[in-house]
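S.K.: predicted model and sequence below, questions to follow.
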Amino acid sequence: MTKTIIGAQGGCGCGAIRFALKAAPMIVHACHCTDCQTISGSAFVLNAWIEREQVALLSGQPASHKFSNNGRDNRVYFCAQCGTNVWTEYMKGSYFVRVGALDDPALLPPDMHIWTCSKQPWLPLPEGVRVFEEYYDRNKEWPADSLAHLEAIMA
Amino acid sequence: MVTTEREARELGGCACGAVRYALNAAPITVYACHCTDCQRLTGSAFIVSAWIEKTEVELLSGTLDSCRLATGERGSVVHFCPQCGTSIWTEYSPGFWFVRVTTLDRQTLYPPHMHIWTQSKLPWLQLGDDVPIFETYYDRERDWPADSLARYHAVVRSVAV
């Protein structure tokens, strides 16, 4: 599976921005928080958490906006021409890439659903999937190699 | 034509707060669209859109940038906050906005009446069996309630003049 993810391309709705993933993400979230619902226009957003250096911008230049919510800053990147969000920087050195913006969004199913305390009531979640009402303990839930990748960029 | 169920005023806006709007009626219909265009534009598995007359939508503050997208049979024009990139509504046919339901302050107010274009649904996603599911599009005359059809045809007649 990893082979198909490496090199997977994506882009915005108008085609100005194109990007490629140079590695598999550390983890994939379906985030049901109210902010992600607003920003996405969907019941949740699908974010692939990946090292910034593993995202190659092939064309275009995303605009960005800094949000300062509860003392935690994040910066959302979007196409200035069509508004499509491509990724958000929640932590220095890594991007949360919108899985839906990939040419083949089926490549990256979510590893877990988070902030389901604000999940849309009508939406069922798949059986057997990891579900967290809020956030979770990374050390407990992430594979060792993903933790190593994150530690490397936080160092 | 105006029924009591229609009467509503719901506020919404973009993530940075620059754009605020009001819906002065309940939507004609609400759907979850699983087409590949909607997946790309949302960054998610589907979009939740409320189909409503433009005359029932009021921009209260901010400005929206727009972009005509070449994809799709007839094309569409997406409208978004230029400051933060939140998309608010899209025009797919004259006279109507397709408002993104989760940009409403009351985000759970309007659940989808149907799922469409599920032929490209993400494989891991499960849907309930409480609303109709269409692999592609659907037959409006067959699948919409009479009052929704009346509202739809009233707009179509007005934009055709």
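M.R.: Received, thanks. These numbers come from a predicted model, not from an experiment.

S.K.: which non-adjacent residue is nearest the residue of chain A positioned farthest from its centre?
M.R.: Residue farthest from the centre of chain A, counting by CA atoms, centre = their mean, is A:Trp122 at 23.1 Å. Closest residue to A:Trp122 apart from its sequence neighbours, by CB to CB, 6 or more residues apart in numbering or on different chains: B:Pro111 at 4.0 Å. For glycine as for every other residue, the C-beta is placed from the backbone atoms N, C-alpha and C.

S.K.: so where does the most centrally placed residue in chain A fall, helix or strand?
M.R.: Central residue of chain A (CA atoms, centre = their mean): A:Asn47, 1.9 Å from the mean position. Per DSSP states H and E, A:Asn47 falls inside strand A:45-51.

S.K.: and that strand, anywhere near chain B?
M.R.: Yes - residues of strand A:45-51 contacting chain B under CB under 8 Å from any CB of the partner chain: A:45-47.

S.K.: what about B:Cys84, how many neighbours?
M.R.: A count of nearby residues for B:Cys84, using other CB atoms under 10 Å in any protein chain shown, gives 23.

S.K.: ok, it to A:Ala48 distance?
M.R.: 21 Å (CB to CB, to the nearest Å).

S.K.: next: B:Thr36.
M.R.: From B:Thr36 to A:Ala48 the distance is 17 Å (CB to CB).

S.K.: okay, now the unreliable bits of chain B?
M.R.: B:1-7, B:71-74, B:161 (pLDDT under 70).

S.K.: go through it and flag its longest helix.
M.R.: helix B:146-160 (DSSP state H).

S.K.: got the buried residues for that helix?
M.R.: Going by neighbour count (16 or more other CB atoms under 10 Å in any protein chain shown), the buried part of helix B:146-160 is B:148, B:151-152, B:155.

S.K.: tell me the contacts of A:Leu108?
M.R.: A:Leu108 makes contact with A:5, A:25, A:28, A:46, A:48, A:99, A:102 under the criterion CB atoms under 8 Å, 6 or more residues apart in numbering or on different chains.

S.K.: go again using 7 Å as the cut-off
M.R.: Shown in contact with A:Leu108 (CB atoms under 7 Å, 6 or more residues apart in numbering or on different chains): A:5, A:25, A:28, A:48, A:99, A:102.

S.K.: quick one, phi psi at A:Ile5?
M.R.: For A:Ile5, the backbone dihedrals (degrees, to the nearest 10) come out as phi -70, psi -40.

S.K.: what do you get for B:Gln39?
M.R.: The phi/psi pair for B:Gln39 (degrees, to the nearest 10) reads phi -60, psi -40.

S.K.: ok, the closest residue to it other than its chain neighbours - how many residues close by?
M.R.: Nearest non-adjacent residue to B:Gln39, counting by CB to CB, 6+ apart: A:Gly100, 4.2 Å away. A:Gly100: 27 surrounding residues under other CB under 10 Å.

S.K.: same check on the one 4 residues further on?
M.R.: Residue neighbour count, defined by other CB under 10 Å, stands at 13 for A:Asp104.

S.K.: just A:Glu53 next, same as before
M.R.: 12.

S.K.: next one: B:Phe134
M.R.: B:Phe134 has 17 nearby residues by other CB under 10 Å.

S.K.: before we move on, what about B:Glu58?
M.R.: 13.

S.K.: work out the gap between stretch A:130-143 and the centre of the chain.
M.R.: Chain-centre distance of stretch A:130-143: 15 Å, with CA atoms, centre = their mean, to the nearest Å.

S.K.: list the buried ones in it?
M.R.: Residues A:132, A:142 are the ones in stretch A:130-143 that count as buried (16+ other CB under 10 Å).

S.K.: and it, what's its mean pLDDT?
M.R.: Across stretch A:130-143, the average pLDDT comes to 97.

S.K.: list of residues touching it?
M.R.: A:27, A:111-117, A:125, A:147.

S.K.: with just CA atoms, put it into PDB.
M.R.: Output in PDB follows, covering the C-alpha atoms of stretch A:130-143 (Å, rounded to 0.1, in the frame of the first residue of the first chain):
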ATOM      1  CA  ARG A 130     -10.700   3.700  16.600                       C
ATOM      2  CA  VAL A 131     -12.900   6.500  17.900                       C
ATOM      3  CA  PHE A 132     -12.000   9.200  20.300                       C
ATOM      4  CA  GLU A 133     -14.500  11.700  21.800                       C
ATOM      5  CA  GLU A 134     -11.800  14.300  22.000                       C
ATOM      6  CA  TYR A 135      -8.100  13.800  21.400                       C
ATOM      7  CA  TYR A 136      -5.900  10.800  22.300                       C
ATOM      8  CA  ASP A 137      -2.600   9.700  23.600                       C
ATOM      9  CA  ARG A 138      -0.100   9.600  20.700                       C
ATOM     10  CA  ASN A 139       2.400   7.400  22.500                       C
ATOM     11  CA  LYS A 140      -0.300   4.800  23.000                       C
ATOM     12  CA  GLU A 141      -2.000   4.900  19.600                       C
ATOM     13  CA  TRP A 142       0.700   5.600  17.000                       C
ATOM     14  CA  PRO A 143       3.000   3.000  15.400                       C
END
